[in-house]
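Trainee: build me a model from this:
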Amino acid sequence: MKKHFAALALLAALSYPAARSQDLPYQKGLEPQALTPGELFVLSRIPELTLPEAYQGPDAPLLPVSVDNSTQPYFRPITAQSGYECGQSAGIAFNFTYEVDRLRGLPANVPGNQYPTHFTWDFLNNANNYTGASFFDSWEIVRACGNMNVTDYGGGLNTGGYLRWISGYNAYYNGMHNRLNTVRAIRVDTPEGLLTLKYWLYDHLEGATVGGVANIYGQYFGAPVPTLPAGTPEAGKYVQTNWGGSPSHAWTICGFNDSIRYDFNGDGFYTNHIDINSDGVVDMHDWEKGGLKFANGYAGTGWCNSGYCYTMYKNLADNIGAGGIWNHTVYVLDVKSSCSPQLTMKVTLKHTSRNKLKVTAGINTDVSASAPSVVLGFPIFNYQGGDQFMQGGTTEADKTIEFGLDLAPLLSQINNNQQIKYFLQVQENDPAGSAAGEIVGWSLIDYTRTPPVVTNYPAATFPLLTD
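Mentor: Modelled structure (predicted):
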């Protein structure tokens, strides 16, 4: 197998097509595909968030009976997916948008404060509108590279469709300001775990005046589903009482209500203290009171109650395939209020087959070195996107893309004002020699200076040559 590798170095001293409505998958009767075992394994390894000590005991904050964060200005309007981007719909368009706007005090009903699904998903879908990707993979892109807003992306969640890789350094640079710190899992099959989630929804586990939202995986279902019984709180609202066995769809939890109820055993009562499943133990598996409100971004406002539905607390404890959500777990985000890149790389790259390329950056304190001693990889431009031109289109212009990468992790490896050799590396994996391309240009931009200092690589182009 041939591997063609190009490394260019700079020496510097630094101080640090939208889808048509008739094409929407839910209108075709299509349902999302289940996550792969590998994706499920990664999700199962996310560090757990547990109830802080300050939220335990008699001095814990008093919880209300219900919280509905879908009414907050930070919760964006319900969407309708154009493909299988449910992980990005729930994890980016709803969760990330909400958490960033909550922290910055911005309304989520305008494009400049919303975040698109397709920036991250188009790096993950293998150029297939019906290939899903875990929300964790998208969050990793946002953590390392950021996510531009909908305005910078072109005005829509999916501007340019499922093949597009956006071109333009400014869009990537603007996206670097919108990041997350960590992802945490809350195990919710016990009263303590449920309490942790409820406090997250109530005050973000930090005494805030407005709480957060969360994501789950569970099998997709269409409307109608059962409704809450007459004469009970929220009567007539849809409620999912029995999730299927496939973790095929991502959903966004936006609230809780301890008063809703559903008669699972048909005895005419609503109880949390009777062993309704006859296992000899009274626990959350037997609860008929209380549930979560969640949003669905798959099918628009015509689904259930204008895009919203409930699920019972019991479904958090039940195993998947026996009525429960996947892995009894919800996922929450800790986002950054602001992030100002200090050092970036601006790259213009031309190639006829983007999934044959991997782009990395590197440094070496030995300025005579011909290779980096430290290499920084990225979750984008990493043998992704299918056998397509760089921007995903079919014109000559689509072969060329301009993008930006944040080099912040490399700054921890160097001292202030130290002379460093910087490397751009483009690795091509093309055994048949079927594709061709070149590094059109690249530069380093130091934002610690005013104005920013731009250091350009002197050559105009650098071909990616076949062995």
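Trainee: check the protein for its longest strand and report it.
Mentor: strand 249-261 (DSSP state E).
Trainee: which positions within that strand qualify as buried?
Mentor: Going by neighbour count (16 or more other Cβ atoms under 10 Å), the buried part of strand 249-261 is 249-258, 260-261. All C-beta spots, glycine's among them, are computed from the backbone N, C-alpha and C.
Trainee: in stretch 92-105, which residues are buried?
Mentor: So, applying 16+ other Cβ under 10 Å, buried residues of stretch 92-105: 92-103.
Trainee: how about JSON lines for those residues, with secondary structure added?
Mentor: Putting those into JSON lines (DSSP: H, G, I helix; E, B strand; the rest coil) gives the following:
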{"residue": "92", "secondary structure": "helix"}
{"residue": "93", "secondary structure": "helix"}
{"residue": "94", "secondary structure": "helix"}
{"residue": "95", "secondary structure": "helix"}
{"residue": "96", "secondary structure": "helix"}
{"residue": "97", "secondary structure": "helix"}
{"residue": "98", "secondary structure": "helix"}
{"residue": "99", "secondary structure": "helix"}
{"residue": "100", "secondary structure": "helix"}
{"residue": "101", "secondary structure": "helix"}
{"residue": "102", "secondary structure": "helix"}
{"residue": "103", "secondary structure": "helix"}
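Trainee: can you redo those residues as a markdown table with distance to residue 286?
Mentor: Below are the buried residues of stretch 92-105 laid out as a markdown table (distance: Cβ to Cβ, whole Å):
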| residue | distance to residue 286 |
| --- | --- |
| 92 | 36 |
| 93 | 36 |
| 94 | 31 |
| 95 | 31 |
| 96 | 36 |
| 97 | 37 |
| 98 | 32 |
| 99 | 34 |
| 100 | 39 |
| 101 | 38 |
| 102 | 35 |
| 103 | 38 |
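Trainee: what helix or strand is the nearest residue to residue 360 once chain neighbours are set aside located in?
Mentor: In this structure, residue 360 finds its nearest non-sequential neighbour in residue 425, 4.6 Å apart by Cβ to Cβ, 6 or more residues apart in numbering. Remark: residue 425 resides in strand 419-429, with elements defined by DSSP states H and E.
Trainee: burial measure for the residue nearest to residue 360, as a count.
Mentor: If you count neighbours by other Cβ atoms under 10 Å, residue 425 ends up with 19.
Trainee: quick check, pLDDT for it.
Mentor: For residue 425, the pLDDT comes out at 94.
Trainee: return the distance of the longest strand of the chain from the chain's centre.
Mentor: What separates the centre of strand 249-261 from the centre of its chain is 20 Å, taken as Cα atoms, centre = their mean, to the nearest Å.
Trainee: cool, and stretch 353-372?
Mentor: Distance, centroid of stretch 353-372 to centroid of chain: 27 Å (Cα atoms, centre = their mean).
Trainee: measure that stretch end to end?
Mentor: 26 Å (Cα to Cα, to the nearest Å).
Trainee: next one: stretch 382-395
Mentor: End-to-end for stretch 382-395, by Cα to Cα: 22 Å.
Trainee: next: stretch 200-208.
Mentor: 10 Å.
Trainee: ok, residue 43 to residue 91 distance?
Mentor: Distance, residue 43 to residue 91, by Cβ to Cβ, to the nearest Å: 11 Å.
Trainee: who's more crowded, these two?
Mentor: Just comparing residue 43 and residue 91: by other Cβ under 10 Å the higher neighbour count belongs to residue 91, 31 against 21.
Trainee: show me the contacts for that one.
Mentor: 135-136, 138-139, 215, 250, 331 (Cβ atoms under 8 Å, 6 or more residues apart in numbering).
Trainee: quick one: which of the residues you listed is most hemmed in?
Mentor: Neighbour counts for the contacts of residue 91 peak at residue 135, which has 31 neighbours (criterion: other Cβ under 10 Å).
Trainee: show me the contacts for that one.
Mentor: Contact partners of residue 135, counting by Cβ under 8 Å, 6+ apart, are 87-88, 90-92, 95, 215, 250, 331.
Trainee: possible to save the residues you listed as CSV with distance to residue 359 and pLDDT?
Mentor: Listed next are the contacts of residue 135 as CSV, based on distance: Cβ to Cβ, whole Å; pLDDT from 0 to 100:
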residue, distance to residue 359, pLDDT
87, 24, 97
88, 22, 98
90, 28, 98
91, 24, 98
92, 22, 98
95, 28, 98
215, 29, 98
250, 28, 96
331, 29, 97
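Trainee: where does the closest residue to residue 353 other than its chain neighbours sit: helix, strand or coil?
Mentor: In this structure, residue 353 finds its nearest non-sequential neighbour in residue 435, 3.7 Å apart by Cβ to Cβ, 6+ apart. With three-state DSSP as the basis, residue 435 sits in coil.
Trainee: tell me who's in contact with residue 435.
Mentor: 351-353, 356, 428.
Trainee: what would those residues look like in a markdown table with distance to residue 166, pLDDT and neighbour count?
Mentor: Formatted as a markdown table, the contacts of residue 435 follow (distance: Cβ to Cβ, whole Å; pLDDT from 0 to 100; neighbours: other Cβ atoms under 10 Å):
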| residue | distance to residue 166 | pLDDT | neighbour count |
| --- | --- | --- | --- |
| 351 | 16 | 96 | 23 |
| 352 | 19 | 97 | 16 |
| 353 | 19 | 97 | 20 |
| 356 | 20 | 96 | 21 |
| 428 | 22 | 92 | 22 |
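Trainee: dump stretch 78-90 to CSV, restricted to CA.
Mentor: Output in CSV follows, covering the C-alpha atoms of stretch 78-90 (Å, rounded to 0.1, in the frame of the first residue of the first chain):
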residue,chain,number,x,y,z
ILE,A,78,-38.2,22.2,16.9
THR,A,79,-36.5,20.9,13.7
ALA,A,80,-37.1,18.3,11.1
GLN,A,81,-34.1,16.2,10.0
SER,A,82,-33.0,15.9,6.4
GLY,A,83,-31.2,12.6,6.9
TYR,A,84,-29.9,10.4,9.7
GLU,A,85,-28.3,13.3,11.6
CYS,A,86,-30.2,12.6,14.8
GLY,A,87,-27.1,12.6,17.0
GLN,A,88,-26.2,16.0,15.7
SER,A,89,-29.8,17.3,15.8
ALA,A,90,-30.1,16.3,19.5
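Trainee: how close does residue 394 get to residue 51?
Mentor: Taking Cβ to Cβ, one finds residue 394 at 54 Å from residue 51.
Trainee: so between the two, which is more surrounded?
Mentor: The residue with more neighbours, out of residue 394 and residue 51, is residue 51; 19 against 11, by other Cβ under 10 Å.
Trainee: helix, strand or coil for that one?
Mentor: Put simply, residue 51 is coil when judged by three-state DSSP.
Trainee: I'd say it and residue 190 touch.
Mentor: No. Applying Cβ atoms under 8 Å, one finds residue 51 not in contact with residue 190, separated by 10.3 Å.
Trainee: ranges for the strands of the stretch 101-250 of the chain?
Mentor: In the stretch 101-250 of the chain, the strands defined using DSSP state E, counting those that start in this stretch lie at 180-187, 214-218, 239-240, 249-261.
Trainee: pick out whichever of the buried residues of strand 249-261 sits closest to residue 229.
Mentor: Nearest to residue 229 among those: residue 261, at 7.2 Å, using Cβ to Cβ.
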